[in-house]
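In: One predicted model, sequence on top.
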Amino acid sequence: MNFEYFEDDLPLNGIKIVETAQGVSGPYAAKLLGSLGAEVIKVELPEGDWSRKTPPFLAESNHTESSALYLYNNTGKKSVVIDWRNSEGLHQLKKLIESADVFIEDWDMSARIKWNLNSEIFLEDKPQLIELCITPFGLSGPYSSYKSTPLIQLALGGILNLIGNPGQEPLMLPGHQPDYLTGINGSNSIQMALWDRDFFGESGKFLELTMLETLANLHQAPLDMDGGIRQRSGHRQSPLSSNGFPPGVCTVSAKDGYMTFGGGSAAIWEQLCLMLGRLDLLEDDSFSNVFENPESGLMVDQIMESWMAEKTREEVFKEASSIWMLPVSPVKKIDEILKDKQYTSRHAFQKVTHPVAGEASYPSPTFTVKGERIEVLRPPMLGEHTKEYVW
């Protein structure tokens, strides 16, 4: 299927967003809104967003303009340099926000106290403004002035405790997963506030969003699973069920790498046994609950690895998915994802050329409109649009 870039009006055409947030969460929220048609003006301090200094860099020199993290989170934006930490710069920022619909910032309590920034400083001049404050812990509570990182968020949010093998140290998720999830929530909250303002005549709002509470909302309710406390279970299902599960959820080796199988139901277990040619396992009650009989899981792992020993991941994937209708996937590396036929058939990545960073593949916005993709525009150079917006 050939994709063309969508050129008609998008839902947020005409909406102007000013963003002083740095790093990931706030910029990602603004990026998502920009993909829906909003104009996003990124206000940077003279030294630039801190993510500009974060490796890896796509150019050997001029790292300020070639950080992969910065480039990804700031596609399609305008960059304006304003040092809002002094009175003249704060005045310039206020003037810029006067013409905006949305303001996204990430000032925690320490920054607000240091720079004398209260929650009404911009809304009092523009009551229709929607301001979003994204911080790790919020503007109240005992942690409100604490510093954080993605690893700290995962630990405090209870996610870290679920990743890894039982009886061993927890394992982290790499990258900035808490930040991206919070950015998605931020984009959604702004769209709801815009809806209230523009369709119901509501005034502007000061919205507050935290990474910690975003993670807390990801947990399945333990009371729905017999009141137990979820713990690390490696590559197995969570044991929080009185019914138990047969084996079949595992990550095991094929000829050229790892495969992950998702099971957790009697129907999937039956299909797996049929594929393996081992109906005897289906008829053996000792394989009905892997939590009561952990050895059954290890035995099935070995049987599956023996069955896959001379098969490539692609061969296993095709057979298990298309013939036996099992939920299964090869464990793919990033370079393999870029070449994967499902992604390429849907034009999930676009080549974007930057004057310093050069050409690179960027993920397309995750939706299509009438079968067409939204074009990804290049990220800005530091201060590239200052003269356009500040005078």
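Out: Yep, it's here.
In: Strands of the stretch 251-391 of the chain, start to end?
Out: Listed in chain order, the strands of the stretch 251-391 of the chain (DSSP state E, counting those that start in this stretch) span 257-261, 328-330, 349-354, 358-363.
In: Which of the residues in the last one are classified as buried?
Out: Right, the one you point to is strand 358-363. Using 16 or more other CB atoms under 10 Å as the test for burial, strand 358-363 gives Ala360, Tyr362. All C-beta atoms are positioned from the backbone trio N, CA, C, and that covers glycine.
In: what does that strand contact?
Out: For strand 358-363, the external contacting residues (CB atoms under 8 Å, 6 or more residues apart in numbering) are 58-59, 68, 71-72, 75, 338, 348-354, 376.
In: now the angle between strand 349-354 and that strand, please.
Out: Angle, strand 358-363 to strand 349-354, by axes from the mean of the first three to the mean of the last three CA atoms, to 10 degrees: 150 degrees.
In: quick one: strand 358-363 to chain centroid distance?
Out: Averaging C-alpha coordinates over strand 358-363 and over its chain gives two centres that are 18 Å apart (CA atoms, centre = their mean, to the nearest Å).
In: and it, what's its mean pLDDT?
Out: Average pLDDT, strand 358-363: 96.
In: With respect to Val390, which of the strands of the stretch 251-391 of the chain lies nearest?
Out: Evaluated over the strands of the stretch 251-391 of the chain, closeness to Val390 peaks at strand 349-354, with 23.1 Å, by CB to CB.
In: Would you mark the buried spots in that closest one?
Out: Across strand 349-354, burial judged by 16+ other CB under 10 Å covers Phe349, Gln350, Val352, His354.
In: among those residues, which two are most distant?
Out: Phe349 and His354 (15.3 Å).
In: center of this structure - which residue?
Out: Nearest to the mean C-alpha position of the chain, counting by CA atoms, centre = their mean, stands Tyr180 at 3.6 Å.
In: element containing it, please.
Out: Element membership for Tyr180, per DSSP states H and E: helix 177-200.
In: Restrict that helix to CA atoms and write it as PDB.
Out: Backbone C-alpha positions of helix 177-200 (Å, rounded to 0.1, in the frame of the first residue of the first chain) are rendered in PDB as follows:
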ATOM      1  CA  GLN A 177       9.400   5.300  29.500                       C
ATOM      2  CA  PRO A 178       7.800   7.100  32.400                       C
ATOM      3  CA  ASP A 179       8.300  10.400  30.700                       C
ATOM      4  CA  TYR A 180       6.800   9.300  27.400                       C
ATOM      5  CA  LEU A 181       3.700   7.800  29.200                       C
ATOM      6  CA  THR A 182       3.300  11.100  31.100                       C
ATOM      7  CA  GLY A 183       3.600  13.000  27.800                       C
ATOM      8  CA  ILE A 184       0.800  11.000  26.300                       C
ATOM      9  CA  ASN A 185      -1.400  11.900  29.300                       C
ATOM     10  CA  GLY A 186      -0.300  15.500  29.000                       C
ATOM     11  CA  SER A 187      -1.400  15.700  25.400                       C
ATOM     12  CA  ASN A 188      -4.800  14.100  26.200                       C
ATOM     13  CA  SER A 189      -5.400  16.400  29.200                       C
ATOM     14  CA  ILE A 190      -4.800  19.500  27.000                       C
ATOM     15  CA  GLN A 191      -7.100  18.200  24.300                       C
ATOM     16  CA  MET A 192      -9.900  17.800  26.900                       C
ATOM     17  CA  ALA A 193      -9.300  21.200  28.300                       C
ATOM     18  CA  LEU A 194      -9.400  22.700  24.800                       C
ATOM     19  CA  TRP A 195     -12.700  20.900  24.200                       C
ATOM     20  CA  ASP A 196     -14.200  22.400  27.500                       C
ATOM     21  CA  ARG A 197     -13.000  25.900  26.600                       C
ATOM     22  CA  ASP A 198     -14.000  26.000  22.900                       C
ATOM     23  CA  PHE A 199     -17.300  24.000  23.000                       C
ATOM     24  CA  PHE A 200     -18.600  24.600  26.500                       C
END
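In: I appreciate the help and will end here.
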